[in-house]
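In: Just to be clear, the model below is a prediction. Sequence and coordinates:
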Amino acid sequence: MSVIKKIFSGVKDEEVHGDFTKYSRGLFTNKYLVNAKKVKDKWNIKTSAEFVNYIVRECLKEVKGEFDVKGVIVATFDVSKEAGFPVVRIKQFMGIKQAVIETRTTPDKILTLMDKYPKAFFALTFSTPNSDLKVKAKAPKSAKPAAAGDKEPAAEFLSVKTTNKGIADDLLFGIGEFKEVAIKHYLNITDIILPKGEKDPLKMRENAVRKGTIKRMMIVDEKSSEKEVEFEA
């Protein structure tokens, strides 16, 4: 289940908490973007970077045996020392390391890395019997509060053409039948509760609880609607 669906379903877990550690107080607009079209039995879906790890994981579950994969794995450490598959090279910038991947491997080796390092970013492109997945091979932009004059981003970090109803149902929950959908979320972080007794700045940031609201705005076949929920993560 993706982080957004978990929040709107009232689920609190480590994945939800981890996804929000990058946010400070403030209003973050145009997050968790989804554009989708339904063509017969297939969904054509584009998203922003926030959904990448979820969709990559779900597509990996569709693969049996070896497959071709390319892209980058973004982390604060050298992934090549942990990966059970070849890494072309490591690109480094300001402490962030991008492991460039272009290899043939099995999905379990990547899923093992994803389980061990949930904060790493897996910008991977590959095809499965059910899905054709394309992800931009770069790190996502840092989370910053909305500012006057900001250009509205597009849902174009990831593109997937899929017959996997589970992925469609997760991203497009509460919508029903449609031809074309555009979804965006506004995150309003109103409070950050720091862990009591903690002195380490890094642990304070990672273990702090963020509270606020998330507004889900949808345009379904040119009809607009929205839903807002309170959250604590």
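Out: Happy to help now that I have it. Computed from a predicted model, the values in this text were never measured in an experiment.
In: Quick check: phi and psi on the nearest residue to residue 45 once chain neighbours are set aside?
Out: Closest residue to residue 45 apart from its sequence neighbours, by C-beta to C-beta, 6 or more residues apart in numbering: residue 36 at 4.6 Å. C-beta: built from backbone N, CA, C; applies to glycine. Dihedral pair for residue 36: phi -140, psi 150, per degrees, to the nearest 10.
In: distance of residue 36 from residue 118?
Out: The spacing between residue 36 and residue 118, counted by C-beta to C-beta, to the nearest Å, is 26 Å.
In: More neighbours: which of the two?
Out: residue 36 (22 against 12; other C-beta atoms under 10 Å).
In: list the buried ones in stretch 158-170?
Out: Going by neighbour count (16 or more other C-beta atoms under 10 Å), the buried part of stretch 158-170 is 158-162, 164, 167-168, 170.
In: Can you tell me what sits against it?
Out: 1-2, 5, 36, 41-49, 51-52, 54-55, 58-59, 62, 130-136 (C-beta atoms under 8 Å, 6 or more residues apart in numbering).
In: pLDDT averaged over it - what is it?
Out: Here stretch 158-170 scores 97 as its mean pLDDT.
In: how much distance is there from it to the middle of the chain?
Out: 14 Å (C-alpha atoms, centre = their mean, to the nearest Å).
In: got the CA positions of it in CSV?
Out: What follows is stretch 158-170, C-alpha atoms only, in CSV (Å, rounded to 0.1, in the frame of the first residue of the first chain):
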residue,chain,number,x,y,z
LEU,A,158,7.6,8.1,-13.5
SER,A,159,5.5,6.5,-16.3
VAL,A,160,4.0,3.1,-16.2
LYS,A,161,1.6,1.3,-18.6
THR,A,162,0.1,-1.5,-16.7
THR,A,163,-2.6,-4.1,-16.5
ASN,A,164,-1.9,-4.5,-12.7
LYS,A,165,-5.2,-3.5,-11.1
GLY,A,166,-3.6,-3.5,-7.7
ILE,A,167,-1.4,-0.6,-8.6
ALA,A,168,-4.3,1.3,-10.2
ASP,A,169,-6.6,0.7,-7.2
ASP,A,170,-4.0,1.9,-4.8
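In: Can you show me the strands along this protein?
Out: Assigned by DSSP state E, the chain shows strands spanning 26-39, 42-47, 67-75, 89-93, 96-105, 121-127, 131-135, 158-162, 180-193, 209-220, 223-232.
In: Could you say which one of those strands comes nearest to residue 114?
Out: Closest to residue 114 of the strands of the chain is strand 121-127 (C-beta to C-beta; 6.1 Å).
In: Now do that closest one against strand 158-162, angle only.
Out: 40 degrees (axes from the mean of the first three to the mean of the last three C-alpha atoms, to 10 degrees).
In: now strand 121-127: mean pLDDT?
Out: 98.
In: May I have it as CSV, with CA atoms only?
Out: These are the backbone C-alpha positions of strand 121-127, laid out as CSV (Å, rounded to 0.1, in the frame of the first residue of the first chain):
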residue,chain,number,x,y,z
PHE,A,121,15.6,5.9,-3.8
PHE,A,122,15.2,3.2,-6.5
ALA,A,123,14.8,5.1,-9.9
LEU,A,124,14.7,1.9,-12.0
THR,A,125,13.3,1.2,-15.5
PHE,A,126,12.3,-2.2,-16.6
SER,A,127,9.5,-4.3,-18.2
